[in-house]
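> quick one: sequence plus predicted model below, questions after.
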Amino acid sequence: MTSHGGRRTQAERDAITVEIGYALCSAAFAAAVVFGAVAGPALLFDLPDTPERLLLRTGVVLAPVLFAARVVSVLVRFRSADQPGRTSPDS
């Protein structure tokens, strides 16, 4: 990306769009998996009230936190990889 105020090229805009889509889709998938793993037993089995509520609430709290963390980590990594003057670790 140009960091000196210039307009972005179509390829740069496309790359940003693809990266945002990837971040959102992978975050939604990860959040759904975590919610299913944590709250799934409460939804599938007849558990006592306290463990059932605890599992459901934990899943409801963890899923959005993981979603946000995944989106931020993917987009920050994309931005830092695109900085001019940076070298890749394997060069």
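In hand now; what should we look at? Numbering: from 1, shown residues only.

> can you tell me the centre-most residue of the chain?
For the chain, the residue sitting closest to the mean C-alpha position, by CA atoms, centre = their mean, is Arg70 at 2.4 Å.

> list the contacts for Val71?
By CB atoms under 8 Å, 6 or more residues apart in numbering, the contact set of Val71 is 23-24, 27. C-beta here means a position set from N, CA and C on the backbone, and glycine is covered the same way.

> restricted to helices, list those residues.
23-24, 27 (DSSP state H).

> ChimeraX command to pick out the buried ones of the residues you listed?
To isolate the buried subset of the ones in helices among the contacts of Val71 in ChimeraX, counting by 16 or more other CB atoms under 10 Å, use the following:
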select :23,27
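
> in the protein, which ranges drop under the pLDDT threshold?
Across the chain, the ranges flagged by pLDDT under 70 are 1-5, 82-91.

> let's see 90
The model of the chain has pLDDT under 90 over residues 1-8, 12, 78-91.

> picking up where we left off before, grab the nearest non-local neighbour of the residue nearest to the centre of the chain.
Ala27 (3.8 Å; CB to CB, 6 or more residues apart in numbering).

> buried stuff in stretch 71-83?
For stretch 71-83, the neighbour count (16+ other CB under 10 Å) marks 71, 74-75, 78 as buried.

> between these, which sits nearest Thr9?
Set against Thr9, the nearest of these by CB to CB is Phe78 (16.1 Å).

> isn't the closest one right next to Glu19, touching?
Yes: with contact defined as CB atoms under 8 Å, Phe78 counts as touching Glu19 (4.6 Å).

> tell me the phi and psi of the residue sitting furthest away from the middle of the chain?
Centroid-distance maximum for the chain: Pro48 at 32.6 Å, with CA atoms, centre = their mean. Per-residue torsions, Pro48: phi -60, psi 160 (degrees, to the nearest 10).

> so how far is Arg70 from it?
Applying CB to CB, to the nearest Å, the value for Pro48 to Arg70 is 32 Å.

> please flag which of the buried residues of stretch 71-83 sit within strands.
Among the buried residues of stretch 71-83, no residue falls in strands (DSSP state E).
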